[in-house]
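[1] turn this into a structure:
(one chain, ligands or ions: 1)
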Amino acid sequence: MAIAAEDFRYVTELVRDQSAIVLEAGKEYLVETRLGPVATQVGLPSIAALVADLRLRKTPGLVQKVIDAMTTNETSFFRDVSPFEHLKKRVFPDLIAKRKNEKRLSIWCAAASTGQETYSMLMLLKENFPELASWNVQYLATDISTQVLAKAREGAYTQLEVNRGLPAPLLIKYFKKRGLEWQVDESLRSMVTWREFNLAAKTWAPMGSFDLIMLRNVMIYFDLPTKRGILANMRRFLRPDGYLFLGTAETTISVDDSFSSDSFHTACYRLKAA
Ligand SMILES: C[S@@+](CC[C@H](N)C(=O)[O-])C[C@H]1O[C@@H](n2cnc3c(N)ncnc32)[C@H](O)[C@@H]1O
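    Numbers count the residues shown, from 1 in each chain. Take a look at the predicted model:
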């Protein structure tokens, strides 16, 4: 299904307004391949009919389907490896030492997609820091897409998905076969609060304060003012001695100079005052 120029413009503005995701000229093919199935799903004959419906009614349900379709949800278990090494060798030992009196850790995964990053982190904690079993570990995982959150909550993955980055011993230990899929054990699933949250929202409701924030591979979709706004908000919710992880291709440099790099090898940052 091809998209007309003014329909493409309408979709890019809608997506930017609702999610801050920037779709540049030349991304018509992406909109066509992502919105064609949405049109079919809601019983409309073409993308033109879908856009006409959006213009006319802008029903929240349909807008959400469009936003869901236009997000890129690429993720995998232990993605990029080195951030998880840094978490294991430096971040958690440091946080556990600092929080040994309060025995409380608060973690936020802010673009959680289908959950592999969250479950990787929880397996890492279980495997390497058994002392946390008696701690109050709070884990919040959010995303703008209701569709990916439903899958994350379910924690069920295809063979292909578990083949991407999940070591076999962890698969055997923390997953159960469910039909053709592998489902994460309830003991891990019950540790997570999954919530819909738009990083591009103008105002952020109080979220609590976090020792560790994972904000990986999402800022690449935003323009500079949006990145600045998000990092300014993150500063409010990160404890002064906490850690912030971005994706490998992302940085706070030239975006927000209140952060400094914590590692040459991973995009791990801390507040300068820490
Ligand atoms: C490429 S995935 C990254 C997943 C995971 N953090 C990782 O690094 O593997 C990007 C995620 O960001 C989410 N996202 C995009 N725009 C967002 C927004 N405005 N607010 C919250 N999440 C958003 C998408 O739905 C998608 O699941």
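[2] count of neighbours near residue 115?
    28 (other CB atoms under 10 Å). The C-beta positions use only the backbone N, C-alpha and C, and glycine is treated the same way.
[3] I meant to write residue 195 there.
    Residue 195: 13 neighbours (other CB under 10 Å).
[4] isn't there a helix covering it?
    No - using DSSP: H, G, I helix; E, B strand; the rest coil, the assignment for residue 195 is strand, not a helix.
[5] find the nearest non-adjacent residue to it, please.
    residue 142 (5.0 Å; CB to CB, 6 or more residues apart in numbering).
[6] okay, helices next: where are they in the chain?
    All helices of the chain, identified by DSSP state H, fall at 5-19, 28-41, 47-57, 60-70, 82-86, 92-98, 116-128, 146-154, 159-163, 168-174, 186-189, 224-237.
[7] elements contacting the first one?
    Contact analysis of helix 5-19 by 3 or more CB pairs under 8 Å, 6 or more residues apart in numbering; DSSP states H and E lists helix 28-41, helix 47-57, helix 60-70 as its packing neighbours.
[8] and the stretch 1-150 of the chain, which of its residues are near the ligand?
    For the stretch 1-150 of the chain, the residues in contact with the ligand (CB under 6 Å from any ligand atom) are 19-21, 71-75, 79, 111, 113, 117, 143-145, 148.
[9] list only buried entries from those residues.
    Buried members of those, scored by 16 or more other CB atoms under 10 Å, are 19-21, 71, 73, 75, 79, 111, 113, 117, 143-145, 148.
[10] tell me the centre residue of the chain?
    Centroid-nearest residue in the chain, with CA atoms, centre = their mean: residue 111, separated by 1.5 Å.
[11] residue 254 versus that residue, what's the distance?
    21 Å (CB to CB, to the nearest Å).
[12] make TSV out of the helices of the chain and add mean pLDDT.
    Converted to TSV, the helices of the chain look like this (pLDDT from 0 to 100):
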stretch	mean pLDDT
helix 5-19	97
helix 28-41	96
helix 47-57	95
helix 60-70	96
helix 82-86	98
helix 92-98	98
helix 116-128	98
helix 146-154	97
helix 159-163	98
helix 168-174	98
helix 186-189	97
helix 224-237	96
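[13] deepest of the ones you listed, which one?
    Greatest average neighbour count among those goes to helix 116-128 (a mean of 21), per mean count of other CB atoms under 10 Å.
[14] what sits up against that one?
    75-79, 84, 87-88, 92, 107, 109, 112, 132, 137, 139, 141, 152, 155, 157, 161, 164-166, 170, 174, 184, 188, 191-192, 214, 216 (CB atoms under 8 Å, 6 or more residues apart in numbering).
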